[in-house]
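Chemist: Any chance you can model this:
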Amino acid sequence: MSKITITLDATKLRNLVSKRQYDAKDGKKMEVQEVKFELVPVKEPKIIYEGTGYKLQKSHFASVIQTKEEREAQAETIFIGEGITTLWDNAGGTVFNATPVTESNTEDTDVPF
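Modeler: I've put the predicted structure just below:
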C-alpha cells in the first residue's frame with residue numbers, strides 16, 4: 001500500500017480562496033471558504049529519497065484550475081505544490097508462521113481461578 005502526501009505553498013493559496021454559501025439542514029445560512037486545485041500525476045515519477053524499507057517518489061503536482069479560455073490561450077500553469085508518494089518495500093506483506101497446537105490426552109478439569 002502507498003500513500004500520497006500533498007504539500008501546498010500557503011502564500012499562493014491565499015489568492016485562491018473562494019467563498020460560497022449554502023442552507024444547512026436546520027435552515028441556517030452557512031458560509032465556507034475553500035480552495036480548489038488540480039492534482040495531476042507527473043509523466044515520469046522520480047525517486048527523490050530512499051530509506052530503509054521505503055522510497056519517496058515525486059508523483060504528482062498541484063496547480064491552479066485553468067478556465068477553458070486560459071487553456072485555449074495556452075496560459076502558463078501556476079504550480080502551487082507537489083505530491084510525494086511513499087512506496088514501501090515490503091509490499092508483499094508480512095509473512096506469519098503459525099505453529100500448530102498439539103492436543104494432549106490428559107483432560108484439564110481444574111479451573112485456574
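Chemist: Under the pLDDT cut-off, which ranges of this protein? List them.
Modeler: 1, 91-113 (pLDDT under 70).
Chemist: again, 80 this time
Modeler: Low-confidence segments of the chain (pLDDT under 80): 1-2, 90-113.
Chemist: the strands in it, which residues?
Modeler: 3-8, 18-23, 29-34, 37-51, 54-64, 79-88 (DSSP state E).
Chemist: can you list contacts of stretch 31-46?
Modeler: Stretch 31-46 has contacts (C-beta atoms under 8 Å, 6 or more residues apart in numbering) with 6, 8, 13, 16-22, 57-65, 80-81, 83, 85. No exception for glycine: its C-beta is placed from N, CA and C like everyone else's.
Chemist: how does it look with 7 Å?
Modeler: Residues outside stretch 31-46 that contact it (C-beta atoms under 7 Å, 6 or more residues apart in numbering): 6, 13, 16-21, 57-65, 80, 83.
Chemist: Convert it to CSV, retaining C-alpha atoms only.
Modeler: The C-alpha trace of stretch 31-46 is given here as CSV (Å, rounded to 0.1, in the frame of the first residue of the first chain):
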residue,chain,number,x,y,z
GLU,A,31,-20.6,30.2,4.5
VAL,A,32,-17.5,28.2,3.7
GLN,A,33,-14.1,29.2,2.4
GLU,A,34,-12.4,26.7,0.1
VAL,A,35,-9.5,26.3,-2.2
LYS,A,36,-9.9,24.2,-5.3
PHE,A,37,-6.9,22.9,-7.2
GLU,A,38,-5.9,20.1,-9.6
LEU,A,39,-3.7,17.3,-8.5
VAL,A,40,-2.1,15.9,-11.7
PRO,A,41,0.2,12.8,-11.9
VAL,A,42,3.6,13.5,-13.4
LYS,A,43,4.5,11.8,-16.7
GLU,A,44,7.7,10.2,-15.2
PRO,A,45,7.7,9.7,-11.4
LYS,A,46,11.1,10.4,-9.9
